[in-house]
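Trainee: have a look at this fold, sequence not included:
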């Protein structure tokens, strides 16, 4: 097997039940529950109308500007899967466009993530199929390889292994490692429920803000009071 030009089988993947549970929680709350240490960078933005991206990752490492292995990954992916492509963040050539998105929809996939550029933006923006990308260009891709499928990839420091959970919403993308799934979900659900209670208190006008002054006092913040002139 040639390193840099190979296709591997995925050994494991998150279950459909876990995907459904995580899809109910905002990405920000999941991120907070992972100690705010994981992110795919602010460049990768949703380009579709809206709606959550959630599913098991099938990973692709492609040569910048080349989508041969992305085409193969779309054929290998199972319903609900997220095809996650590290194309080096290059903006010179689009990795996918309207036709590949239509193929992904026809196969029942859960979304596409491109660390690189896409094209046919108007068609993508008019649909609800989740597409995240770093940019847009009209220039099309090459189809020569090399590339790898189902290998660990990294996007702006966020490591994604085949079968890991990918979640994305208007705040951005996040990978939850397979082995951390249950612990992260428990913490994220607790965080989400606490924020729902906090929002209810804010709306009702009974939000406790004492923590602000307590934090300032703990940090020895000096508060200078303005000197007002005496009357007369």
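Mentor: Cool, got the structure. In this text, all values refer to a predicted model and were calculated from it rather than measured experimentally. Numbering: from 1, shown residues only.
Trainee: OK, contacts around residue 92?
Mentor: For residue 92, the contacting residues are 64, 65, 117, 137, 139, by Cβ atoms under 8 Å, 6 or more residues apart in numbering. C-betas here are computed from N, CA, C, even on glycine.
Trainee: how much space separates the second one from residue 216?
Mentor: What it means is residue 65. From residue 65 across to residue 216, the span is 52 Å (Cβ to Cβ, to the nearest Å).
Trainee: which one's more surrounded, these two?
Mentor: residue 65 (21 against 12; other Cβ atoms under 10 Å).
Trainee: now that one: how far from residue 88?
Mentor: 9 Å.
Trainee: what do you get for residue 120?
Mentor: Counting by Cβ to Cβ - residue 120 and residue 88 are separated by 21 Å.
Trainee: and residue 173, by the same measure?
Mentor: Counting by Cβ to Cβ, the gap from residue 173 to residue 88 is 17 Å.
Trainee: neighbour count: these two, which is higher?
Mentor: residue 173 (29 against 16).
Trainee: how close does that one sit to residue 207?
Mentor: For residue 173 relative to residue 207 (Cβ to Cβ), the value is 31 Å.
Trainee: now residue 68
Mentor: The value you get for residue 68 to residue 207, if Cβ to Cβ is used, is 54 Å.
Trainee: same question, residue 6
Mentor: In this view, residue 6 and residue 207 are 55 Å apart by Cβ to Cβ.
Trainee: the more surrounded of those two?
Mentor: Taking neighbours as other Cβ under 10 Å, residue 6 and residue 207 compare with residue 6 leading, 15 against 11.
Trainee: list the contacts of residue 49.
Mentor: Shown in contact with residue 49 (Cβ under 8 Å, 6+ apart): 125, 126, 127, 128.
Trainee: burial measure for the first one, as a count.
Mentor: To tie it back to what came earlier, the one meant is residue 125. With other Cβ under 10 Å as criterion, residue 125 counts 12.
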